[in-house]
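Student: 3D model of this:
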Amino acid sequence: MSNTPVILWLRRDLRLSDHVAMTDAAQSGRPVIPVFIYDEVFETYGACPKWRQGLAVARFAQTLEGIGSKLILRRGDALEVLQALIAETGAGAVYWSRAYDPVAIKRDTAVKAALKEARVEAKSFTGHLLFEPWTVETKTGAFYKVFTPMWKMVRGRELAASLPPVTRLPAPTAWPASDALEDWRMGAAMNRGADVVGKYVVVGEQAALERLHSFIDDKIDDYRAARDEMAMEGTSGLSENLTYGEISPRVCWHAGWAALNSGKAGAETFLKELVWREFAYQLAFHTPHIIDSNWKPEWDAFPWIEDETAEVLAWKQGRTGVQLVDAAMREMYVTGYMHNRGRMIVASYLTKHLMTHWKIGQAWFDDCLIDWDPASNAMGWQWTAGSGPDASPYFRVFNPDTQAEKFDKARAYRARYLGELFQNHEARADDYFAAIPRRWGLSLDDSYPAPVVGLSEGRERALAAYKDR
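Tutor: Numbers count the residues shown, from 1 in each chain. The predicted model follows:
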């Protein structure tokens, strides 16, 4: 078995640096066959995440060629594809990086059991998170349900140094056949939106590392305040690259700590954001129902509106008549990304002013974000709606106009996306009309709508419902 190939099953870990599974495979001395499977999990992805995953796969295939290797592409049920590859290549092992959302866990558990039963070595490795979910516990051995105590617990925890990039993977005597990536048409559902959003994506490991270094050098010192200014590019943008594993969280963690130790004040806030991502996965791992059900079961009786109403359509279109809400929604269609404060504002507006179930918003984000992450998206929506852990209290209803005054005082963010209102708008406002579905029938010639619900009226309706639940 010592000379049989190792199948390196790649998923959302498309990098050479700090890749534990790849490093272990490379150091085994055995031939390594990197494989990406367009499997039953990736088939469930929404339009934008699926398209962006395809870009990541294409770029990483080029990266592997640069070190004398190759990425084999196959489509189908993960276990069936792996079994076929084992039969074709004589592989004696399958290595992969662990995933922690319930759908992926179900897949991986079944694969590992079947491979072990067939006497094939099956090994999973860390890499998608800083801390394995089962290693972060309270003093009583429970998992954390509130963020701040978890942050205090892990803040001082030592992490091993990041692994250097793999520079060589031993090749097999013969490569198995591979699908052609273009045949998968992973971007088909994006339609014309791909050309617009494609101008804003930052794809691949090298670009992710450059993005991190630029952030550490130029932005992290002011990050605590700048991250809330909606017209500024004051954040790292690394959520996109972390999603596809084009950079590891451990590399980001060590860079953040180096910045903090050098006196850059905003670094601690950046480190907290990395742990917020960890917190989301802690909850997805220990309470998997957070992905598709109210985390707090007492919210099951809350009178959410679950229909696709005219108001919900207006929210999706970025035509609610509330400028900051609409600008944030349009940012998502143009760039595939939405400012973090914008995410809280549009989620609060949907779940509170429009009294609409958070799952409708969650599903829409699932379809539209390039940095879509199953755990972070679910927790973010439930945090804002009030049904989740560490949640915003029911009486906290974001006022978009007040938020605009605080975080878009010069109206630059709104002018960037609301072409109907600002004569001297940026090109991104026009890009919105080029990206959205044709069936919406919208154009720059349309007048800007009146609010679908008054902010005071919507707030009072939400508070009354919350008090009566």
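Student: in its sheet, what does the top strand by length along the chain sit against?
Tutor: The longest strand of the chain (DSSP state E) is strand 32-38. Using DSSP bridges, the strands paired with strand 32-38 are strand 6-10 (parallel), strand 72-75 (parallel).
Student: Give me the next element, helix or strand, following the longest one.
Tutor: Translated: strand 6-10. Sequence order places helix 20-27 as the next helix or strand after strand 6-10, per DSSP states H and E.
Student: Point out where the stretch 1-150 of the chain drops to low pLDDT.
Tutor: 1 (pLDDT under 70).
Student: all helices of it, in order?
Tutor: With DSSP state H, counting those that start in this stretch as the criterion, the stretch 1-150 of the chain has helices at 20-27, 47-66, 78-89, 102-117, 147-155.
Student: out of these, nearest to F365?
Tutor: Set against F365 and scored by CB to CB, the helices of the stretch 1-150 of the chain come closest in helix 47-66, at 9.4 Å. In short, each C-beta sits where N, CA and C put it, glycine included.
Student: May I see the buried residues of the closest one?
Tutor: Buried residues in helix 47-66, counted by 16 or more other CB atoms under 10 Å: 47-61, 63-64.
Student: before we move on, what about stretch 310-324?
Tutor: 311-312, 314-320, 322-324.
Student: Show me which of those is closest to H357.
Tutor: Nearest to H357 among the buried residues of stretch 310-324 is V312, at 9.7 Å by CB to CB.
Student: In space, what's closest to the closest one - neighbours in sequence excluded?
Tutor: Of all residues not flanking V312 in the chain, T356 sits nearest, at 5.7 Å (CB to CB, 6 or more residues apart in numbering).
Student: Could you report the separation of the one you found from I370?
Tutor: 24 Å (CB to CB, to the nearest Å).
Student: who has more neighbours, those two?
Tutor: Neighbour totals were compared for T356 and I370, and I370 leads with 25 against 22 (other CB atoms under 10 Å).
Student: Now do the SS call for the more buried one.
Tutor: Here I370 is recorded as coil under DSSP: H, G, I helix; E, B strand; the rest coil.
Student: Isn't it up against E240?
Tutor: Yes. Using CB atoms under 8 Å, I370 is in contact with E240, at 5.4 Å.
Student: which neighbours do these two share?
Tutor: Contact criterion CB atoms under 8 Å, 6 or more residues apart in numbering; residues shared by I370 and E240: 52, 201, 337.
Student: before we move on, back to that, deepest of the strands paired with strand 32-38, which one?
Tutor: Among the strands paired with strand 32-38, strand 6-10 has the highest mean neighbour count (mean count of other CB atoms under 10 Å), at a mean of 27.
Student: contact partners of it?
Tutor: 21-22, 25, 28, 30-37, 60, 71, 78, 82, 85-86, 89, 91-97, 169.
Student: same thing but at 6 Å, please
Tutor: Strand 6-10 is contacted from outside by 25, 30, 32-36, 85, 91, 93-96, using CB atoms under 6 Å, 6 or more residues apart in numbering.
Student: ranking these by neighbours, who comes first?
Tutor: So for those (other CB under 10 Å), the most neighbours sit at A25, 28 neighbours.
Student: What's the separation between that residue and A47?
Tutor: 33 Å.
Student: returning to what we had before: in the sheet, who's paired with the residue nearest to V312?
Tutor: I305.
Student: what's the pLDDT at S392?
Tutor: Note on S392: pLDDT of 69.
Student: and what of S443?
Tutor: Listed pLDDT for S443 reads 93.
Student: Neighbours of the closest residue to it other than its chain neighbours, how many?
Tutor: Closest residue to S443 apart from its sequence neighbours, by CB to CB, 6+ apart: F433 at 5.8 Å. F433: 19 surrounding residues under other CB under 10 Å.
Student: Please parse the chain into its domains.
Tutor: What automatic domain parsing lists as the domains of the chain is 1-127, 129-160+194-284, 297-468.
Student: what's the closest of these to E182?
Tutor: The closest of those to E182 is domain 1-127. By CB to CB, the value is 9.0 Å.
Student: follow-up on the earlier one: chain center to the helix or strand hosting the residue nearest to S443: distance?
Tutor: F433 is part of helix 427-435, with elements assigned from DSSP H and E. Distance of helix 427-435 from the chain centroid (CA atoms, centre = their mean, to the nearest Å) equals 23 Å.
Student: Widest-spaced pair of the contacts of strand 6-10?
Tutor: R30 and F36, at 19.6 Å, using CB to CB across the contacts of strand 6-10.
Student: hmm, who's touching stretch 142-155?
Tutor: 272, 275, 279, 282, 286, 389-390.
Student: try it again with 7 Å
Tutor: Residues outside stretch 142-155 that contact it (CB atoms under 7 Å, 6 or more residues apart in numbering): 131, 136-138, 272, 275-276, 279, 282, 286, 389-390.
Student: Out of these, which comes closest to C252?
Tutor: Using CB to CB, V275 comes nearest to C252 of these, at 11.1 Å.
Student: how close does the closest residue to F36 other than its chain neighbours get to A61?
Tutor: Leaving aside its sequence neighbours, F36 sits nearest to L10 (CB to CB, 6+ apart; 5.0 Å). For L10, the distance to A61 (CB to CB) stands at 10 Å.
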